[in-house]
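Participant: Sequence first, predicted model second:
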Amino acid sequence: MISPFTLQDLGLDSFFQQQLPHDASEPLVPVRVMNVHRSGLHLAGDGFDRHVVLSGHDYDLELTVGDWAVFNADTQRPVARLERKSLFKRRAAGTQSREQLIAANIDTLFIVSSCNQDFNEARLERYLVIAREAQVMAVIILTKADLVDDAGDYVRRASRLAPALQVEAVNALQADTLTCLDAWLRRGQTIAMLGSSGVGKSTLANTLLGASEIATRTIREDDAHGRHTTTARSMHHLPGGAWLLDTPGMRELQLTDVRTGLDDVFAEISALAETCRFSDCQHNGEPGCRVQAAVEAGEIDPERVQRWRKLTREEAFNNASIAERRSRDKAFGRMVRSVMSDKKSRRGD
Ligand SMILES: Nc1nc2c(ncn2[C@@H]2O[C@H](COP(=O)(O)OP(=O)(O)OP(=O)(O)O)[C@@H](O)[C@H]2O)c(=O)[nH]1
Ligand SMILES: [Mg+2]
Ligand SMILES: [Zn+2]
(Lines give C-alpha, C1' and ligand atoms only; values in the text may rest on other atoms or scores of the structure.)
(Ligands and ions follow the chains in the order given, each with its own letter.)
Protein backbone atom coordinates (compact mmCIF):
# COMPACT_ATOMS: atom_id res chain seq x y z
CA MET A 1 0.00 0.00 0.00
CA ILE A 2 1.25 3.48 -0.87
CA SER A 3 1.89 5.67 2.11
CA PRO A 4 0.41 9.15 1.83
CA PHE A 5 3.28 10.45 3.99
CA THR A 6 6.76 11.68 3.26
CA LEU A 7 9.66 10.74 5.50
CA GLN A 8 9.53 14.22 7.01
CA ASP A 9 5.83 13.74 7.70
CA LEU A 10 6.74 10.55 9.52
CA GLY A 11 9.26 12.39 11.68
CA LEU A 12 12.58 11.70 9.94
CA ASP A 13 14.82 14.61 10.90
CA SER A 14 18.57 15.24 10.83
CA PHE A 15 19.13 13.11 13.94
CA PHE A 16 17.93 10.02 12.06
CA GLN A 17 18.98 11.18 8.60
CA GLN A 18 22.66 11.24 9.54
CA GLN A 19 22.47 7.64 10.70
CA LEU A 20 21.28 6.32 7.34
CA PRO A 21 23.69 4.07 5.42
CA HIS A 22 25.40 5.58 2.38
CA ASP A 23 25.97 2.24 0.68
CA ALA A 24 24.04 2.51 -2.57
CA SER A 25 24.61 -1.11 -3.60
CA GLU A 26 21.64 -2.24 -1.55
CA PRO A 27 18.13 -0.85 -1.79
CA LEU A 28 17.99 0.34 1.81
CA VAL A 29 15.22 2.67 2.87
CA PRO A 30 14.25 4.23 6.20
CA VAL A 31 10.95 3.10 7.68
CA ARG A 32 9.14 3.90 10.88
CA VAL A 33 7.41 1.36 13.10
CA MET A 34 3.80 2.53 13.26
CA ASN A 35 2.46 -0.39 15.23
CA VAL A 36 3.55 -3.68 16.76
CA HIS A 37 1.31 -6.72 16.43
CA ARG A 38 1.81 -10.22 17.66
CA SER A 39 2.40 -11.28 14.07
CA GLY A 40 4.77 -8.50 13.11
CA LEU A 41 5.23 -4.83 12.49
CA HIS A 42 3.39 -2.19 10.61
CA LEU A 43 6.04 -0.14 8.83
CA ALA A 44 5.70 3.12 6.94
CA GLY A 45 8.18 4.96 4.75
CA ASP A 46 8.35 6.99 1.59
CA GLY A 47 5.67 5.44 -0.63
CA PHE A 48 5.62 2.47 1.69
CA ASP A 49 3.02 1.28 4.15
CA ARG A 50 2.80 -2.38 5.03
CA HIS A 51 2.67 -5.13 7.55
CA VAL A 52 5.84 -7.18 7.83
CA VAL A 53 5.81 -10.57 9.49
CA LEU A 54 8.87 -10.99 11.71
CA SER A 55 11.11 -13.99 11.80
CA GLY A 56 14.48 -15.11 13.14
CA HIS A 57 17.02 -12.33 13.42
CA ASP A 58 14.40 -9.61 12.96
CA TYR A 59 13.71 -9.91 16.66
CA ASP A 60 17.32 -9.01 17.50
CA LEU A 61 16.61 -5.48 16.29
CA GLU A 62 14.21 -5.07 19.23
CA LEU A 63 11.94 -2.76 17.33
CA THR A 64 9.12 -1.05 19.13
CA VAL A 65 6.48 1.41 18.08
CA GLY A 66 8.02 4.73 17.07
CA ASP A 67 11.36 3.22 16.11
CA TRP A 68 13.14 4.06 12.89
CA ALA A 69 14.65 1.18 11.00
CA VAL A 70 16.56 0.54 7.79
CA PHE A 71 14.59 -1.72 5.48
CA ASN A 72 15.98 -3.76 2.60
CA ALA A 73 13.50 -3.43 -0.25
CA ASP A 74 14.90 -6.52 -2.02
CA THR A 75 14.75 -8.94 0.86
CA GLN A 76 11.77 -7.14 2.42
CA ARG A 77 13.38 -7.31 5.85
CA PRO A 78 14.31 -4.68 8.40
CA VAL A 79 18.11 -4.84 8.68
CA ALA A 80 19.04 -2.26 11.32
CA ARG A 81 17.53 -0.05 13.95
CA LEU A 82 18.48 3.60 14.14
CA GLU A 83 19.67 5.06 17.41
CA ARG A 84 16.75 6.35 19.44
CA LYS A 85 16.08 9.84 20.69
CA SER A 86 14.08 8.53 23.59
CA LEU A 87 12.69 5.29 24.92
CA PHE A 88 9.94 4.30 27.32
CA LYS A 89 10.48 0.86 28.75
CA ARG A 90 9.66 -1.19 31.78
CA ARG A 91 11.38 -4.03 33.48
CA ALA A 92 9.48 -7.22 33.07
CA ALA A 93 8.98 -8.92 36.41
CA GLY A 94 9.00 -12.65 37.07
CA THR A 95 11.03 -15.10 35.07
CA GLN A 96 11.57 -12.76 32.15
CA SER A 97 14.65 -10.73 32.80
CA ARG A 98 14.18 -8.81 29.59
CA GLU A 99 13.09 -5.25 29.33
CA GLN A 100 9.74 -4.59 27.80
CA LEU A 101 9.92 -1.76 25.29
CA ILE A 102 6.89 0.48 25.22
CA ALA A 103 7.59 3.31 22.78
CA ALA A 104 10.56 4.96 21.11
CA ASN A 105 11.29 8.40 19.70
CA ILE A 106 8.56 10.27 21.49
CA ASP A 107 9.38 13.96 21.29
CA THR A 108 6.98 15.22 23.92
CA LEU A 109 4.99 13.60 26.68
CA PHE A 110 1.71 15.27 27.55
CA ILE A 111 1.21 14.63 31.24
CA VAL A 112 -2.51 15.10 31.68
CA SER A 113 -4.15 16.02 34.95
CA SER A 114 -7.18 18.10 35.72
CA CYS A 115 -7.93 21.23 37.69
CA ASN A 116 -9.85 19.31 40.34
CA GLN A 117 -9.70 16.18 42.48
CA ASP A 118 -7.09 14.55 40.29
CA PHE A 119 -4.60 17.37 40.77
CA ASN A 120 -1.88 15.81 42.84
CA GLU A 121 1.70 17.01 43.01
CA ALA A 122 3.12 13.61 43.94
CA ARG A 123 1.48 11.95 40.96
CA LEU A 124 2.69 14.65 38.58
CA GLU A 125 6.23 14.37 39.92
CA ARG A 126 6.11 10.63 39.41
CA TYR A 127 5.16 11.09 35.73
CA LEU A 128 7.81 13.78 35.34
CA VAL A 129 10.48 11.43 36.68
CA ILE A 130 9.43 8.75 34.19
CA ALA A 131 9.52 11.26 31.32
CA ARG A 132 12.94 12.64 32.23
CA GLU A 133 14.33 9.16 32.59
CA ALA A 134 13.08 8.32 29.08
CA GLN A 135 14.69 11.59 27.87
CA VAL A 136 11.36 12.90 26.74
CA MET A 137 10.39 16.51 27.12
CA ALA A 138 7.27 16.75 29.29
CA VAL A 139 4.45 19.27 29.22
CA ILE A 140 1.81 19.27 31.92
CA ILE A 141 -1.69 19.76 30.58
CA LEU A 142 -4.33 20.65 33.12
CA THR A 143 -7.76 19.90 31.74
CA LYS A 144 -11.15 21.06 33.02
CA ALA A 145 -9.91 24.62 33.39
CA ASP A 146 -13.48 25.60 32.49
CA LEU A 147 -14.75 24.04 35.74
CA VAL A 148 -12.70 26.13 38.18
CA ASP A 149 -12.57 29.81 39.05
CA ASP A 150 -8.83 30.16 38.91
CA ALA A 151 -6.90 27.66 36.81
CA GLY A 152 -3.87 29.91 37.25
CA ASP A 153 -3.45 28.66 40.79
CA TYR A 154 -3.09 25.06 39.55
CA VAL A 155 -0.72 26.17 36.81
CA ARG A 156 1.52 27.88 39.36
CA ARG A 157 1.58 24.84 41.63
CA ALA A 158 2.40 22.50 38.74
CA SER A 159 5.11 24.78 37.35
CA ARG A 160 7.15 24.36 40.51
CA LEU A 161 7.43 20.60 40.13
CA ALA A 162 10.48 20.47 37.85
CA PRO A 163 13.01 22.92 36.44
CA ALA A 164 11.91 24.76 33.27
CA LEU A 165 8.57 23.01 33.16
CA GLN A 166 5.83 24.02 30.74
CA VAL A 167 2.27 23.89 32.06
CA GLU A 168 -0.90 24.64 30.09
CA ALA A 169 -4.49 24.82 31.31
CA VAL A 170 -7.15 23.84 28.78
CA ASN A 171 -10.71 22.80 28.22
CA ALA A 172 -10.17 19.51 26.43
CA LEU A 173 -13.63 19.73 24.88
CA GLN A 174 -12.88 23.02 23.16
CA ALA A 175 -10.46 23.05 20.22
CA ASP A 176 -9.72 26.77 20.45
CA THR A 177 -8.28 26.41 23.96
CA LEU A 178 -5.77 23.88 22.62
CA THR A 179 -3.83 26.25 20.36
CA CYS A 180 -1.39 26.69 23.27
CA LEU A 181 -0.20 23.16 22.43
CA ASP A 182 0.64 23.94 18.79
CA ALA A 183 4.36 24.28 19.46
CA TRP A 184 4.55 20.57 20.32
CA LEU A 185 2.27 19.48 17.51
CA ARG A 186 4.25 20.49 14.46
CA ARG A 187 4.64 18.24 11.44
CA GLY A 188 6.55 15.04 12.19
CA GLN A 189 6.55 15.52 15.97
CA THR A 190 5.52 12.52 18.04
CA ILE A 191 3.67 12.88 21.30
CA ALA A 192 2.30 10.48 23.89
CA MET A 193 0.01 10.99 26.85
CA LEU A 194 0.08 9.86 30.43
CA GLY A 195 -2.48 10.53 33.12
CA SER A 196 -4.94 8.81 35.41
CA SER A 197 -8.39 7.69 34.43
CA GLY A 198 -10.98 10.36 33.82
CA VAL A 199 -8.63 13.32 33.42
CA GLY A 200 -9.59 13.77 29.78
CA LYS A 201 -6.92 12.04 27.68
CA SER A 202 -9.41 10.59 25.20
CA THR A 203 -11.33 13.85 25.10
CA LEU A 204 -8.12 15.73 24.39
CA ALA A 205 -7.11 13.23 21.70
CA ASN A 206 -10.48 13.44 20.00
CA THR A 207 -10.52 17.23 20.03
CA LEU A 208 -6.98 17.31 18.63
CA LEU A 209 -7.86 14.74 15.99
CA GLY A 210 -10.97 16.64 14.94
CA ALA A 211 -11.96 15.81 11.39
CA SER A 212 -8.77 13.88 10.72
CA GLU A 213 -10.11 10.88 12.58
CA ILE A 214 -11.78 9.83 9.35
CA ALA A 215 -8.52 10.24 7.47
CA THR A 216 -6.64 7.95 9.85
CA ARG A 217 -9.24 5.28 9.35
CA THR A 218 -8.74 5.22 5.57
CA ILE A 219 -5.11 4.21 5.96
CA ARG A 220 -5.58 0.51 6.27
CA GLU A 221 -2.93 -1.96 7.15
CA ASP A 222 -1.95 -4.50 4.57
CA ASP A 223 -0.47 -7.63 5.98
CA ALA A 224 1.76 -10.02 4.09
CA HIS A 225 -1.20 -12.01 2.83
CA GLY A 226 -3.13 -9.06 1.52
CA ARG A 227 -5.67 -9.15 4.32
CA HIS A 228 -6.58 -6.04 6.19
CA THR A 229 -5.98 -6.22 9.88
CA THR A 230 -8.48 -4.46 12.03
CA THR A 231 -6.27 -3.81 15.04
CA ALA A 232 -6.29 -0.26 16.31
CA ARG A 233 -3.48 1.88 15.04
CA SER A 234 -0.95 3.08 17.54
CA MET A 235 0.01 6.27 15.76
CA HIS A 236 -2.72 8.77 15.05
CA HIS A 237 -1.99 11.54 12.59
CA LEU A 238 -3.15 14.93 13.86
CA PRO A 239 -4.33 17.68 11.50
CA GLY A 240 -1.24 19.82 12.19
CA GLY A 241 1.02 16.94 11.14
CA ALA A 242 2.07 15.54 14.52
CA TRP A 243 1.68 11.92 15.59
CA LEU A 244 -0.17 10.95 18.71
CA LEU A 245 1.05 7.64 19.97
CA ASP A 246 -1.60 5.66 21.72
CA THR A 247 -0.42 2.41 23.23
CA PRO A 248 -1.74 0.62 26.32
CA GLY A 249 1.83 0.03 27.53
CA MET A 250 2.10 3.66 28.58
CA ARG A 251 -0.24 2.89 31.45
CA GLU A 252 2.13 0.28 32.81
CA LEU A 253 5.19 2.45 33.22
CA GLN A 254 6.79 1.88 36.59
CA LEU A 255 9.05 3.71 38.91
CA THR A 256 12.11 1.50 38.45
CA ASP A 257 15.56 2.46 37.22
CA VAL A 258 14.74 6.14 37.34
CA ARG A 259 17.72 7.54 39.26
CA THR A 260 18.52 10.06 36.53
CA GLY A 261 14.90 11.10 36.24
CA LEU A 262 14.66 11.63 39.99
CA ASP A 263 17.82 13.72 40.04
CA ASP A 264 16.55 15.84 37.13
CA VAL A 265 13.06 16.52 38.42
CA PHE A 266 14.23 17.14 41.98
CA ALA A 267 17.42 18.88 40.87
CA GLU A 268 17.40 21.44 43.69
CA ILE A 269 17.12 18.71 46.34
CA SER A 270 19.49 16.17 44.83
CA ALA A 271 22.16 18.85 44.49
CA LEU A 272 21.86 19.55 48.22
CA ALA A 273 21.78 15.85 49.10
CA GLU A 274 25.16 15.38 47.46
CA THR A 275 26.66 17.75 49.98
CA CYS A 276 25.29 16.02 53.09
CA ARG A 277 28.02 14.90 55.49
CA PHE A 278 27.25 11.21 55.07
CA SER A 279 27.05 9.77 51.60
CA ASP A 280 24.25 7.41 52.72
CA CYS A 281 22.35 10.21 54.49
CA GLN A 282 18.63 9.48 54.73
CA HIS A 283 17.94 13.19 55.35
CA ASN A 284 16.09 12.23 58.46
CA GLY A 285 17.84 13.82 61.40
CA GLU A 286 21.43 12.86 60.59
CA PRO A 287 24.06 15.43 61.58
CA GLY A 288 25.38 17.50 58.71
CA CYS A 289 22.28 16.96 56.59
CA ARG A 290 22.11 19.83 54.10
CA VAL A 291 18.62 18.91 52.94
CA GLN A 292 17.17 19.28 56.43
CA ALA A 293 19.16 22.43 56.97
CA ALA A 294 17.63 23.92 53.82
CA VAL A 295 14.15 22.94 54.98
CA GLU A 296 14.74 24.55 58.37
CA ALA A 297 16.05 27.69 56.69
CA GLY A 298 12.84 27.83 54.64
CA GLU A 299 14.80 27.48 51.41
CA ILE A 300 13.01 24.42 50.09
CA ASP A 301 9.48 23.09 50.41
CA PRO A 302 9.34 20.41 53.15
CA GLU A 303 6.44 18.66 51.43
CA ARG A 304 8.41 18.36 48.23
CA VAL A 305 11.31 16.88 50.21
CA GLN A 306 8.89 14.34 51.71
CA ARG A 307 7.63 13.38 48.27
CA TRP A 308 11.19 13.12 46.96
CA ARG A 309 12.17 10.80 49.82
CA LYS A 310 9.10 8.68 49.22
CA LEU A 311 9.78 8.31 45.48
CA THR A 312 13.45 7.60 46.12
CA ARG A 313 12.57 4.86 48.61
CA GLU A 314 9.93 3.45 46.30
CA GLU A 315 12.40 3.33 43.42
CA ALA A 316 14.96 1.53 45.54
CA PHE A 317 12.33 -0.89 46.81
CA ASN A 318 11.06 -1.69 43.31
CA ASN A 319 14.56 -2.24 42.00
CA ALA A 320 15.42 -4.48 44.93
CA SER A 321 12.26 -6.56 44.67
CA ILE A 322 12.79 -7.11 40.94
CA ALA A 323 16.40 -8.09 41.59
CA GLU A 324 15.30 -10.45 44.35
CA ARG A 325 12.60 -12.06 42.22
CA ARG A 326 15.15 -12.58 39.49
CA SER A 327 17.70 -14.21 41.74
CA ARG A 328 14.94 -16.39 43.19
CA ASP A 329 14.03 -17.47 39.67
CA LYS A 330 17.66 -18.16 38.91
CA ALA A 331 18.07 -20.16 42.12
CA PHE A 332 14.95 -22.12 41.25
CA GLY A 333 16.37 -22.82 37.79
CA ARG A 334 19.62 -24.06 39.35
CA MET A 335 17.68 -26.26 41.75
CA VAL A 336 15.65 -27.79 38.91
CA ARG A 337 18.78 -28.43 36.90
CA SER A 338 20.58 -30.08 39.82
CA VAL A 339 17.56 -32.30 40.56
CA MET A 340 17.48 -33.29 36.92
CA SER A 341 21.17 -34.12 36.83
CA ASP A 342 20.84 -36.08 40.13
CA LYS A 343 18.10 -38.12 38.54
CA LYS A 344 20.23 -38.67 35.49
CA SER A 345 23.23 -39.82 37.54
CA ARG A 346 21.02 -42.14 39.62
CA ARG A 347 19.69 -43.61 36.43
CA GLY A 348 23.30 -43.98 35.43
CA ASP A 349 23.10 -42.04 32.17
N1 LIG B 1 -15.78 20.32 31.34
C2 LIG B 1 -14.78 19.54 30.94
N3 LIG B 1 -14.93 18.20 30.91
C4 LIG B 1 -13.90 17.45 30.51
C5 LIG B 1 -12.66 18.02 30.12
N6 LIG B 1 -11.82 17.02 29.78
C7 LIG B 1 -12.50 15.88 29.94
N8 LIG B 1 -13.76 16.12 30.36
C9 LIG B 1 -14.78 15.10 30.69
O10 LIG B 1 -14.22 14.21 31.63
C11 LIG B 1 -14.69 12.87 31.41
C12 LIG B 1 -13.54 11.89 31.30
O13 LIG B 1 -12.77 12.20 30.15
P14 LIG B 1 -11.99 11.08 29.31
O15 LIG B 1 -11.43 11.78 28.11
O16 LIG B 1 -12.85 9.91 29.05
O17 LIG B 1 -10.83 10.67 30.32
P18 LIG B 1 -9.60 9.67 30.07
O19 LIG B 1 -8.39 10.35 30.61
O20 LIG B 1 -9.55 9.27 28.65
O21 LIG B 1 -9.95 8.44 31.00
P22 LIG B 1 -9.53 6.90 30.82
O23 LIG B 1 -9.80 6.51 29.40
O24 LIG B 1 -10.38 6.18 31.81
O25 LIG B 1 -8.07 6.82 31.19
C26 LIG B 1 -15.56 12.95 30.17
O27 LIG B 1 -16.90 13.02 30.57
C28 LIG B 1 -15.14 14.25 29.50
O29 LIG B 1 -16.17 14.82 28.75
C30 LIG B 1 -12.52 19.46 30.18
O31 LIG B 1 -11.47 20.04 29.88
N32 LIG B 1 -13.62 20.15 30.60
MG1 LIG C 1 -9.68 7.37 27.70
ZN1 LIG D 1 20.91 14.53 54.19
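Facilitator: Everything's here; your move. Ligands and ions are numbered 1, 2, ... in the order given.

Participant: for the residue in the chain that ligand 2 sits nearest to, phi and psi?
Facilitator: Residue nearest to ligand 2 within the chain: Ser202 (3.2 Å; Cβ to the ion). The way it works is simple: take the backbone N, C-alpha and C, and place the C-beta from them, glycine included. For Ser202, the backbone dihedrals (degrees, to the nearest 10) come out as phi -70, psi -40.

Participant: For the stretch 201-349 of the chain, what lies in contact range of ligand 2?
Facilitator: 201-202 (Cβ under 5 Å from the ion).

Participant: where exactly do the strands run in the stretch 201-349 of the chain?
Facilitator: In the stretch 201-349 of the chain, the strands defined using DSSP state E, counting those that start in this stretch lie at 221-222, 228-229, 235-237, 243-245.

Participant: Could you do the stretch 1-150 of the chain as well?
Facilitator: 28-36, 40-45, 48-53, 68-72, 77-81, 87-91, 99-104, 108-114, 137-143.

Participant: Of all the residues in the stretch 151-300 of the chain, which one is nearest ligand 1?
Facilitator: Gly200 (2.8 Å; Cβ to the nearest ligand atom).

Participant: Can you give me the neighbour number for that residue?
Facilitator: Gly200: 23 surrounding residues under other Cβ atoms under 10 Å.

Participant: which SS state does the closest residue to Leu204 other than its chain neighbours fall under?
Facilitator: Excluding the flanking residues, the one nearest Leu204 by Cβ to Cβ, 6 or more residues apart in numbering is Ala172, at 4.2 Å. Using DSSP: H, G, I helix; E, B strand; the rest coil, the structure places Ala172 in coil.

Participant: Okay, now the unreliable bits of the stretch 51-200 of the chain?
Facilitator: Scanning the stretch 51-200 of the chain for pLDDT under 70 picks out the ranges 93-98.

Participant: Let's see that with 90 instead.
Facilitator: 54-59, 73, 90-100, 116-118, 196-198 (pLDDT under 90).

Participant: and the strands of the stretch 1-150 of the chain as JSON lines, adding mean neighbour count?
Facilitator: Compiled in JSON lines, the strands of the stretch 1-150 of the chain are given as follows (neighbours: other Cβ atoms under 10 Å):
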{"stretch": "strand 28-36", "mean neighbour count": "23"}
{"stretch": "strand 40-45", "mean neighbour count": "23"}
{"stretch": "strand 48-53", "mean neighbour count": "19"}
{"stretch": "strand 68-72", "mean neighbour count": "21"}
{"stretch": "strand 77-81", "mean neighbour count": "17"}
{"stretch": "strand 87-91", "mean neighbour count": "20"}
{"stretch": "strand 99-104", "mean neighbour count": "20"}
{"stretch": "strand 108-114", "mean neighbour count": "25"}
{"stretch": "strand 137-143", "mean neighbour count": "24"}
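
Participant: how about those strands, which one is nearest ligand 1?
Facilitator: Of these, the one closest to ligand 1 (Cβ to the nearest ligand atom) turns out to be strand 137-143, at 3.9 Å.

Participant: next one: stretch 127-137 to chain centre, how far?
Facilitator: 8 Å (Cα atoms, centre = their mean, to the nearest Å).

Participant: can you list contacts of it?
Facilitator: With contacts defined as Cβ atoms under 8 Å, 6 or more residues apart in numbering, stretch 127-137 is touched by 85-89, 106-109, 111, 138, 140, 161-162, 165, 184, 192, 194-195, 253, 255, 257-258, 260-262, 264-265, 311.

Participant: Go through these and flag which are in helices.
Facilitator: 260-262, 264-265, 311 (DSSP state H).

Participant: Nice, that's everything, thank you.
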